[in-house]
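Novice: The sequence and its predicted three-dimensional model are supplied below.
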Amino acid sequence: MTQRLDKQQLRELAVAHEKPVNDRAPTTVDRGFGLPTPIYAATVALYLGFIGVMAVSFLNPELAIPMVIFAGFVVFAFGLVGFWTRMKPENDTVAPDWGQFRARGIETLSGRLTAGEATIQVLMLPVLILGWGLAVAVIVALR
């Protein structure tokens with residue numbers, strides 16, 4: 001239930017401190033995804049490859065601006081995630097190198113994956129999208 005309090009009642013209930021009390025433990029945040037950076041670079045390259053295939057397949061000056069916008073979205077989205085992983089507070093997580101990734105794999109909600117399984121899982125969608133773009137390019141070329 002709520003009740004209305006006047007200023008005098010608020011003053012009686014309020015607790016004033018001379019200086020702010022900081023009794024919280026330091027915050028540590030794991031913003032890493034547990035994958036090496038080249039996997040993200042490959043993902044970006046595959047998405048940009050799809051946009052490039054579409055741009056070349058439908059050579060049209062009117063599509064130049066939308067294709068640049070699409071490519072910008074991909075670069076900015078992955079770039080923003082790159083900045084997000086390095087944000088504070090107390091983010092000391094670094095991306096593993098290939099040796100660490102191959103040795104440890106990655107832990108997911110459905111269980112541990114080896115490096116190969118994780119790489120396939122991450123790159124499956126971009127590869128399929130690029131393959132779809134190449135199939136469309138072949139259809140356009142044969143038309």
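Specialist: Sure thing, it's come through. Numbering: from 1, shown residues only.
Novice: Using PDB, list the CA coordinates for the lowest-mean-pLDDT helix or strand in the chain.
Specialist: Lowest on mean pLDDT, DSSP states H and E among the helices and strands of the chain sits helix 7-13, with a mean of 82. The C-alpha coordinates for helix 7-13 follow below in PDB (Å, rounded to 0.1, in the frame of the first residue of the first chain):
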ATOM      1  CA  LYS A   7       8.400  16.700   4.200                       C
ATOM      2  CA  GLN A   8       8.600  16.400   8.000                       C
ATOM      3  CA  GLN A   9       7.800  12.700   7.900                       C
ATOM      4  CA  LEU A  10      10.400  12.200   5.100                       C
ATOM      5  CA  ARG A  11      13.000  14.000   7.200                       C
ATOM      6  CA  GLU A  12      12.300  11.600  10.100                       C
ATOM      7  CA  LEU A  13      12.600   8.500   7.900                       C
END
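Novice: chain center to it, what's the gap?
Specialist: Helix 7-13 sits 48 Å away from the centroid of its parent chain (CA atoms, centre = their mean, to the nearest Å).
Novice: what about the closest residue to residue 74 other than its chain neighbours, helix or strand, and which?
Specialist: Excluding the flanking residues, the one nearest residue 74 by CB to CB, 6 or more residues apart in numbering is residue 47, at 4.8 Å. Any C-beta I mention is one placed from the backbone N, CA and C, and that applies to glycine too. For residue 47, the element it lies in under DSSP states H and E is helix 37-57.
Novice: List the buried residues for that helix?
Specialist: Buried residues in helix 37-57, counting neighbours by 16 or more other CB atoms under 10 Å, are found at 39-40, 43-44, 46-51, 53-55, 57.
Novice: what's downstream of it, the next helix or strand?
Specialist: helix 64-85.
Novice: right, and the helix or strand after that following helix?
Specialist: Using DSSP H and E, the next helix or strand after helix 64-85 towards the C-terminus is helix 98-104.
Novice: neighbouring contacts of that following helix?
Specialist: Outside helix 98-104, the residues that touch it by CB atoms under 8 Å, 6 or more residues apart in numbering are 35-36, 38, 96, 115, 118.
Novice: give me that answer again for 7 Å
Specialist: Residues outside helix 98-104 that contact it (CB atoms under 7 Å, 6 or more residues apart in numbering) are 36, 115.
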